[in-house]
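Asker: could you look at this predicted model? Sequence included:
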Amino acid sequence: MRIAVTGSVATDHLMTFAGRFADSLMADNLDSLSVSFLVDDLDVRRGGVGANIAFGLGCLGLAPALIASVGEDFEDYRSWLNRHGVNTDAVTVSEERHTARFVCTTDQDQNQIASFYPGAMSEAREIELGPAMERAGGFDFVIVGADDPVAMVNHTQECRQRRLPFAADPSQQLSSLDGEQIGQLVDGASLLFSNEYEAALIERRTGWTTEQILQRVETRVTTLGAKGARVERAGQEPISVTVPKEEKVVDPTGVGDAFRAGYLAGMAWELDVERSAQVGCLLATYVVETLGTQEYSFTRAGFAERFASAYGDGPAGEVERALSDK
């Protein structure tokens, strides 16, 4: 399956606060908030929703095409992605803006406060999927990830016009989208990805119930943090998937992106939705065990072994056979 990934490419500036944000936030004074946290360290890493998802797919052998807008400071990042199986031929380079920046501080409870500078991402609205499809020999599936909001709507509309199945993953951009825009991104999607909070926000802003959303998308996948993930389809009982036991918890940044990559890989391998969600949960576990969104690594044998420990030998056999073909 030829998968195209649209979405942000960014440099992540990750910081760790040894205390708890809650201890410094006063509920009665949030309307005049002015607070600073002294962090213990700073780590600069590669990131961005589109790049994170593409990296995960590349590590699983899917050779995705990344479609995004970046600055001239992208060349080292491009080499990194290419070495990990990502096709970056459709990435456009801005002549005026830097690659986007994500600045995030995480406290001891794994709560996060973050800011995002879009930079060159703002020019993604000028990208059309058609030329990228021609260079790649066509796409079988497109994931429309968090990006410039206009670009997200444009990519979704182009997918519909070209009858390309797509996944809607508005995630971080939901806060800047109104109900009509969210509806444009979601309606007709083969997959709708969100976390639990985002799922509620989608329903609130569109005015759609869960049942109405399931009439508009083929499959709705909701990540639940440490509780795993839930997969829903109209007329079927929801499927719940647990997460593997992590060896350590380092940083949660990028966990959701890894889940999406794993789920899409399972779909490309023609696994069922439960198994695909399990692949997503395991790949997400690798991320939470490392600092940075693309610093994890694994062997195919090691991946299959951990999968068996979490979900059993039978399911692991299905995944191992898919991995052995890559």
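Answerer: All right, it came through fine. Worth saying up front: this structure is predicted, and the values here are computed from it rather than measured.
Asker: strands of the stretch 51-200 of the chain, start to end?
Answerer: In the stretch 51-200 of the chain, the strands defined using DSSP state E, counting those that start in this stretch lie at 65-67, 69-70, 92-93, 100-106, 112-117, 141-144, 166-168, 191-195.
Asker: and for Thr242, the neighbour number?
Answerer: By other CB atoms under 10 Å, 15 other residues sit near Thr242. Placement of C-beta: from N, CA and C, glycine included.
Asker: the strands of the stretch 51-200 of the chain: which one's closest to Gly48?
Answerer: strand 100-106 (6.3 Å; CB to CB).
Asker: quick check: angle from that closest one to strand 112-117?
Answerer: 170 degrees (axes from the mean of the first three to the mean of the last three CA atoms, to 10 degrees).
Asker: run me through the strand neighbours of strand 100-106, direction for each.
Answerer: The pairing partners recorded for strand 100-106 under DSSP bridges are strand 10-16 (parallel), strand 112-117 (antiparallel).
Asker: ranking those strands by burial, who's on top?
Answerer: When the strands paired with strand 100-106 are scored by mean count of other CB atoms under 10 Å, the highest mean neighbour count falls to strand 10-16 (a mean of 22).
Asker: quick one: that one to chain centroid distance?
Answerer: Relative to the chain's own centre, strand 10-16 is displaced by 16 Å; criterion: CA atoms, centre = their mean, to the nearest Å.
Asker: same thing with stretch 137-146?
Answerer: The answer for stretch 137-146 is 13 Å, by CA atoms, centre = their mean.
Asker: can you check stretch 200-217 too?
Answerer: How far stretch 200-217 lies from its chain's middle: 20 Å, per CA atoms, centre = their mean.
Asker: quick one: contacts of it?
Answerer: For stretch 200-217, contacts defined as CB atoms under 8 Å, 6 or more residues apart in numbering pick out 168, 170, 174-175, 177-179, 182-183, 186-192, 194, 220, 232-234.
Asker: residue contacts, Pro165?
Answerer: Pro165 neighbours (CB under 8 Å, 6+ apart): 140-142, 159, 190.
Asker: repeat that with 6 Å
Answerer: Going by CB atoms under 6 Å, 6 or more residues apart in numbering, Pro165 touches 141, 190.
Asker: related to what we said a few turns ago, and of the strands paired with strand 100-106, who's closest to Ser297?
Answerer: Closest among those, once you apply CB to CB, is strand 10-16, at 17.7 Å.
Asker: and the next helix or strand past that closest one?
Answerer: strand 41-47 (DSSP states H and E).
Asker: what's that next one in contact with?
Answerer: Counting by CB under 6 Å, 6+ apart, 10, 12-16, 77, 102, 291-294 sit against strand 41-47.
Asker: switch to 10 Å and redo it
Answerer: Strand 41-47 is contacted from outside by 8-18, 52, 55, 76-77, 80-81, 99-105, 251, 253-254, 257, 290-295, using CB atoms under 10 Å, 6 or more residues apart in numbering.
Asker: can I get it as CSV, trimmed to CA atoms?
Answerer: Extracted C-alpha coordinates of strand 41-47, given in CSV (Å, rounded to 0.1, in the frame of the first residue of the first chain):
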residue,chain,number,x,y,z
ASP,A,41,17.0,20.3,31.0
LEU,A,42,16.5,21.1,27.4
ASP,A,43,16.5,18.6,24.6
VAL,A,44,16.2,19.6,20.9
ARG,A,45,14.7,16.9,18.7
ARG,A,46,13.1,16.3,15.3
GLY,A,47,9.3,16.3,15.4
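Asker: can you give me the mean pLDDT across that strand?
Answerer: Mean pLDDT, strand 41-47: 88.
Asker: return the set of buried residues in it.
Answerer: Neighbour-count burial for strand 41-47 flags 45-47 (criterion: 16 or more other CB atoms under 10 Å).
Asker: how about the helices of this structure, start to end?
Answerer: Remark: helices assigned in the chain by DSSP state H are 49-59, 75-83, 129-136, 149-161, 179-186, 196-206, 210-216, 255-268, 273-288, 300-311, 313-324.
Asker: before I go, just wanted to say thanks for your time.
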